[in-house]
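> Fold the following, please.
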Amino acid sequence: MAWVWLILGMAAMFFGAEYLVRGTCRLSARLGWPEFCVAVLVIGLGGCLPELVVTIGAAARGLGDVAVGGVIGANLIAILLLLGLAGLIRTLDIPIGRYKSYMIFLGLAAALLTLMVIDGEVSRIGAFALLLLFGGFLLREYLSSRKQVVICLSCDLVPTIFMTWKMIWLYIGMGGLVLIVGGHVFFDALMEILSQYNLSQAFVGTFVVAMATSMPEFIITLMAVKNNKTNIAFGNILGSSFIRIVLLLGLAGIISPLKISGSIQTFDIWVLLMAVGLLAWSMIVRKKITKQDAFLYLGAYGVYFAFLLTRM
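Numbers count the residues shown, from 1 in each chain. Below you'll find the predicted structure:
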């Protein structure tokens, strides 16, 4: 029954985040917020709300391996598994000029996280450093957005003419409430699963939590690739992988330092560095991800998944 509540809690968080983003997007349009704020802060950060709730909830309960493992596991799923599946559907051409800065920031974030994992803790100072890196990313994106038009496609989901002020606040209020309640249900179920099945925190974080929180990204990316919107798919994975590290772990570490131990220190973090390196190689050298490259990505995740099963 705990697994049912876990799924229901996650579904509630996704629905709550969806309506919260819709309401906030329409509120920003009514208030005349800059397009940069809408595209990056409302849509980009809003899409990470379920993962943010999970990561902060794990930190508040002293589950450092779940919080850090969830971020590492979700990034490995996005980079190795999801890009591998996308590459099987069609060749992904990578415009290096457009995403070069994203790759640089992701590399810096992965390197910074590695130092913290080796040290055994994401301290408040380390978390502040992650948030500073995120601030640098926002500043760079803001300056870049002044030179180009930023289009907020997600705002078209709910036409402004049908969104009254009452509906806007209803979307925001109900979305936030469902998001918070879903988070509580999810963690109550997660704690029961941990005790009932005697699963390790590392396995729960790097697979159970990571896979659950990656489902929307799966749908968005594969649909984008199917519709030949490969730039959207690649940019989504690159951006979300960076945000998970710097924003989610940054905020969680500020709330409560995250203790890290075991296989996350000795194995998972190094697999993440390998995955980021493989992504950089595909981007800089190959400039595309072909079916042959896709098999390499999927094979790497297959080996990693086999290791996950040994530490349940």
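> Got phi/psi on I284?
Reported as degrees, to the nearest 10, the phi and psi values for I284 are phi -90, psi -40.
> give the contact list for the closest residue to it other than its chain neighbours.
Leaving aside its chain neighbours, I284 sits nearest to I96 (6.5 Å; criterion: CB to CB, 6 or more residues apart in numbering). C-beta coordinates here come from the backbone N, C-alpha and C atoms, glycine included. Neighbouring residues of I96 by CB atoms under 8 Å, 6 or more residues apart in numbering: M283, I284, K287.
> Also D268?
So D268 contacts G69, I72, G73, L76, A202, T206 (CB under 8 Å, 6+ apart).
> so the fifth one sits right up against G69, yeah?
This means A202. Yes. With contact defined as CB atoms under 8 Å, A202 reaches G69; the gap is 5.2 Å.
> okay, those two: which has more neighbours?
The residue with more neighbours, out of A202 and G69, is G69; 29 against 25, by other CB atoms under 10 Å.
> Tell me the pLDDT of the more buried one.
At G69, the pLDDT value in this model is 92.
> picking up where we left off before, how close does the residue nearest to I284 get to G57?
37 Å (CB to CB, to the nearest Å).
> Ok, M211 next?
From M211 to G57 the distance is 17 Å (CB to CB).
> and what of L170?
On the measure of CB to CB, L170 and G57 end up 25 Å apart.
> Could you do I94 as well?
From I94 to G57 the distance is 35 Å (CB to CB).
> Can you show me the strands along the chain?
Using DSSP state E, the strands of the chain run over 92-93, 121-122, 258-259, 288-289.
> what's the neighbour count on W169?
W169, neighbours per other CB under 10 Å, totals 12.
> on that earlier part again, if you count surrounding residues, which of M211 and G57 has more?
G57 (19 against 15).
> what sits against the more buried one?
G183, F186, F187.
> quick one: low-confidence parts of the stretch 151-300 of the chain?
The model of the stretch 151-300 of the chain has pLDDT under 70 over residues 151-163, 220, 232.
> Could I get the full set of helices for it?
Assigned by DSSP state H, counting those that start in this stretch, the stretch 151-300 of the chain shows helices spanning 165-197, 201-203, 210-226, 230-243, 249-255, 263, 269-281, 291-310.
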